[in-house]
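Student: Just a sequence and a predicted model for now, questions to come.
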There are 2 protein chains.
Amino acid sequence: MKPSVVTIEPNGHFCDDCAVRGAAVCSSLDAAELREFEHLGRRVHFSSGETVFSEEDITTSFYNVLEGVMRLYKLLPDGRRQIVGFALPGDFLGMNLSGRHNFSADAIGAVTVCQFAKAPFTRFIEDRPQLLRRINELAIRELSQARDHMVLLGRRSADEKVATFLLGWRERLVALKGLSDTVPLPMSRQDIADYLGLTIETVSRTFTKLERQGVIEIIQGGISLLDPARVEAMAAA
Amino acid sequence: MKPSVVTIEPNGHFCDDCAVRGAAVCSSLDAAELREFEHLGRRVHFSSGETVFSEEDITTSFYNVLEGVMRLYKLLPDGRRQIVGFALPGDFLGMNLSGRHNFSADAIGAVTVCQFAKAPFTRFIEDRPQLLRRINELAIRELSQARDHMVLLGRRSADEKVATFLLGWRERLVALKGLSDTVPLPMSRQDIADYLGLTIETVSRTFTKLERQGVIEIIQGGISLLDPARVEAMAAA
DNA sequence: ACAGCCGATTGACTCAGATCAAATTTGAGT
DNA sequence: ACTCAAATTTGATCTGAGTCAATCGGCTGT
C-alpha cells in the first residue's frame, strides 16, 4: 500500500456536475434542498489501496461514492478476510447504530467520495423525511443483496459462485456504463476469493476452466463474456 | 407439515398488553399514535411449520413478530436451502423494494404476529418520521447482522460456525428471557445446518464432539452451556 | 404398552476445495 | 529496455466436510 495521499478539494464543488446526483441519496432532494445539502459534503479523493474507514473506528462521517470502486470487508482476529461487498458510485456508506463502523472500506483504484460529517448530516435528515426514506430504501436494497450473498456463500459450489459473481458484477456495471460483454474486474483475484468465500487458487482455476470451455476470455483487467447464456446456466444450477 | 390452521383473533386486541410494545417498531409511537396504530394491525396465529409468506409472493402485509420463532430462508431451484435468519419477538418482517418478498418465512412452533396491511401501513408511516426512523434502525441492525453472518458463512470452520451460533442464539434470548446457560433450540438440526451452511450430519457431529469435550450438554430441546468460556474461545478462533 | 415414524446420531468412505509449492506473467520504477 | 516484486497461474497433495448408509431414540396415536 502506498503512503497515504488523501486529497481534499479546496472547495467550491457543485452538486450540479455530480455524476451520481440522480442515483444517490441526493436524488430525494429538490433543487433548493440540494443547494443547502451541497455545503454539508466535500469531495475527497483516495488513491489505490487507501483505507477510507476501518471497522471499529468511531463513525465521524458518512460517504457517498462518486467515482471508483471500494472493497468493504471484515477481518477475523487471525487475519481471515470476508469481503461483504463492493461499493460503486451511488452507494452510501457508513450508517450504523453502534456509533462505530461495522466494516472496513478501502479504495480499489482511484476513488472519489462525497464526505458528510456525521452530526450536521444527521441534523439535516431530521426534518427531511424524503431523505430518510431514500436512505431507508438503500438499506433495504442492501439487505436484500446481503441475503442473496448469504445463499451464495452458504449453499453454492465454487463454479456457481464464480459464475454468479461475474453476472452480478456485470449487472451492476450495466447501470453505470451500459450493457457490455466485456466485464472489467478492477479488484484482485484475492478480493474475488474473499468475496466468494474461496481461495485465490480456486478462483484462478475456475477462470481458466471457463476460458478453456470457451465461455469467457480472460483479458487485461477483466474478462469477456463469450457465452453469457452458458454462464447463466452455470450460475443457476 | 400439518394442515393449515391460521387463527385470526376476532378483534379487540390491545397494544397495551402486547409483549413487544417497548421493543418493536411500535416503540417509536406515543400513546395517541399507538391508539391509532392499533387499528392497523391484527394478531394472527400460526401453528408449527406453517408458512407466513413465501419468497416471490406479492407483498400485501408486513409482520411484527409477537411470540414464537420463525425461520427466514431462500431456496435454490434445486431445493438447496439457506436460512438467512431466525425471527424472534420484536422483529419486523416484510419490507422490500420490489413489491415481492425476498425470502420465505415459516413458523417454528406456535407463532403470533401482528399483521399490517401494506397500503394503510405505508400511509401511516408517511407523516410519522419517528416510525420511519425506527424501521430504518431495524434495517440497519439487520444489515450489520447479515454482514456478520457472511463472515461466518464464508470464512469460518464448522466448529467455529456451531460455537458462534450457540453464543449468538443465547445472546438473542438474553434480551427476551434473561441470561441463562440453558439454551433452548426450537429449530431442528436441519434448520441449524441450513443456517450455518453445513449438513445436518456435521452439525450433529459437532454437537456430540462439544459434549464429549464437556463444553456443552445436549438436553431435550436444546443445549446447556457447561463451559461458556471454552465455547467463546472456539468461536473466536 | 406397543408400533411406527421422524429426527438425530454414528460410521465408513469420498471428494471439492484448501494447502503447499513452483513456475509464469505483469507492471512499476529505473 | 531491464529489474525486481507482486500477482496470477499451474501442479501435486491433503483434508474438512459432504455423502451414503445404518442405527438409535423419542414422540404420537392406537
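Tutor: On my side now, so go ahead. Residues are numbered from 1 along each chain as shown, chains lettered A, B, ... in the order given.
Student: what does chain A put close to DNA strand C?
Tutor: Within chain A, the positions near DNA strand C by C-beta under 7 Å from any atom of the strand are A:157, A:158, A:159, A:197, A:198, A:199, A:201, A:202, A:220, A:221. (Glycine included, C-beta is placed from N, CA and C.)
Student: repeat that for 6 Å
Tutor: Proximity of chain A to DNA strand C is confined to A:157, A:158, A:198, A:199, A:201, A:202, A:220 under the rule C-beta under 6 Å from any atom of the strand.
Student: Among these, which one sits closest to residue B:81?
Tutor: Set against residue B:81, the nearest of the residues of chain A next to DNA strand C by C-beta to C-beta is residue A:157 (15.2 Å).
Student: Run a quick neighbour tally on the residue nearest to that closest one when sequence neighbours are not counted.
Tutor: In this structure, residue A:157 finds its nearest non-sequential neighbour in residue A:237, 7.3 Å apart by C-beta to C-beta, 6 or more residues apart in numbering or on different chains. Other residues lying near residue A:237 total 15 when counted by other C-beta atoms under 10 Å in any protein chain shown.
Student: quick one: contacts for residue A:237?
Tutor: A:156, A:157, A:160, B:76, B:77, B:78 (C-beta atoms under 8 Å, 6 or more residues apart in numbering or on different chains).
Student: For the third one, pull up the helix or strand it's in.
Tutor: Following DSSP states H and E, one finds residue A:160 within helix A:158-177.
Student: and that helix, what other elements does it pack with?
Tutor: helix A:129-155, strand A:182-184, helix A:189-196, helix A:200-212, strand A:222-225, helix A:228-236 (3 or more C-beta pairs under 8 Å, 6 or more residues apart in numbering or on different chains; DSSP states H and E).
Student: what sits against the most centrally placed residue in chain A?
Tutor: Centroid-nearest residue in chain A: residue A:87, 0.9 Å away (criterion: C-alpha atoms, centre = their mean). Residue A:87 is in contact with A:65, A:69, A:70, A:71, A:72, A:93, A:105, counting by C-beta under 8 Å, 6+ apart.
Student: tell me the pLDDT at it?
Tutor: Among the per-residue scores, residue A:87 shows a pLDDT of 98.
Student: how far away is the nearest residue to it once chain neighbours are set aside from residue A:93?
Tutor: Once flanking residues are discounted, residue A:87 sits nearest to residue A:70: 4.2 Å by C-beta to C-beta, 6+ apart. Going from residue A:70 to residue A:93 by C-beta to C-beta, to the nearest Å gives 8 Å.
Student: of all the helices and strands packed on helix A:158-177, which lies closest to residue B:193?
Tutor: Once those are compared by C-beta to C-beta, helix A:129-155 is nearest, at 9.8 Å.
Student: Return the set of buried residues in the closest one.
Tutor: A:129, A:131-140, A:142-155 (16 or more other C-beta atoms under 10 Å in any protein chain shown).
Student: now the end-to-end length of stretch A:50-67.
Tutor: Taking C-alpha to C-alpha, to the nearest Å, stretch A:50-67 runs 14 Å from one end to the other.
Student: neighbour count winner among residue A:70 and residue A:93?
Tutor: residue A:70 (26 against 22).
Student: show me what contacts the more buried one?
Tutor: Residue A:70 touches A:52, A:86, A:87, A:93, A:105, A:106, A:107, A:108, A:111, counting by C-beta under 8 Å, 6+ apart.
Student: beta partners of it?
Tutor: Per DSSP bridges, the residues bridged to residue A:70 are residue A:87, residue A:107.
Student: Okay, it and residue B:166: tell me how far apart.
Tutor: 34 Å.
Student: and residue A:90, what element?
Tutor: Using DSSP H and E, residue A:90 falls outside every helix and strand.
Student: Regarding the residue lying closest to it once chain neighbours are set aside, what is its secondary structure?
Tutor: Residue nearest to residue A:90 in three dimensions, not counting chain neighbours: residue A:23, with 4.0 Å by C-beta to C-beta, 6+ apart. In three-state terms, and counting by DSSP: H, G, I helix; E, B strand; the rest coil, residue A:23 is coil.
Student: Equivalent analysis for residue A:19, please.
Tutor: Under three-state DSSP, residue A:19 comes out as coil.
Student: Tell me the spacing between the residue nearest to the centre of chain A and DNA strand D.
Tutor: 19 Å (C-beta to the nearest atom of the strand, to the nearest Å).
Student: ChimeraX command to pick out the buried ones of the contacts of residue A:237?
Tutor: Applying 16+ other C-beta under 10 Å to the contacts of residue A:237, the buried members can be selected in ChimeraX as follows:
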select /A:156,160
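Student: Quick check: the farthest pair among the contacts of residue A:237?
Tutor: It's A:157 and B:77 that sit farthest apart of the contacts of residue A:237, by C-beta to C-beta, at 13.9 Å.
Student: Following the chain onward from the helix or strand bottoming out on mean pLDDT in chain A, which element is next?
Tutor: Within chain A, no helix or strand scores below strand A:7-8, which has a mean of 62 by mean pLDDT, DSSP states H and E. Toward the C-terminus, strand A:7-8 is succeeded by helix A:31-38 as the next helix or strand (DSSP H and E).
Student: and that next one with helix A:129-155, angle?
Tutor: On the basis of axes from the mean of the first three to the mean of the last three C-alpha atoms, to 10 degrees, helix A:31-38 is oriented at 70 degrees to helix A:129-155.
Student: Can you show me the CA trace of helix A:31-38 as CSV?
Tutor: Provided in CSV are the C-alpha atoms of helix A:31-38 (Å, rounded to 0.1, in the frame of the first residue of the first chain):
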residue,chain,number,x,y,z
ALA,A,31,-33.2,22.0,-6.1
ALA,A,32,-33.5,24.2,-3.0
GLU,A,33,-32.6,21.4,-0.6
LEU,A,34,-29.7,20.3,-2.8
ARG,A,35,-28.2,23.8,-2.6
GLU,A,36,-28.2,23.6,1.2
PHE,A,37,-27.1,20.0,1.1
GLU,A,38,-24.1,20.9,-1.0
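Student: Please see if that helix touches chain B.
Tutor: No - applying C-beta under 8 Å from any C-beta of the partner chain, one finds helix A:31-38 separated from chain B by no less than 15.4 Å.
Student: next helix or strand past that helix?
Tutor: strand A:41-46.
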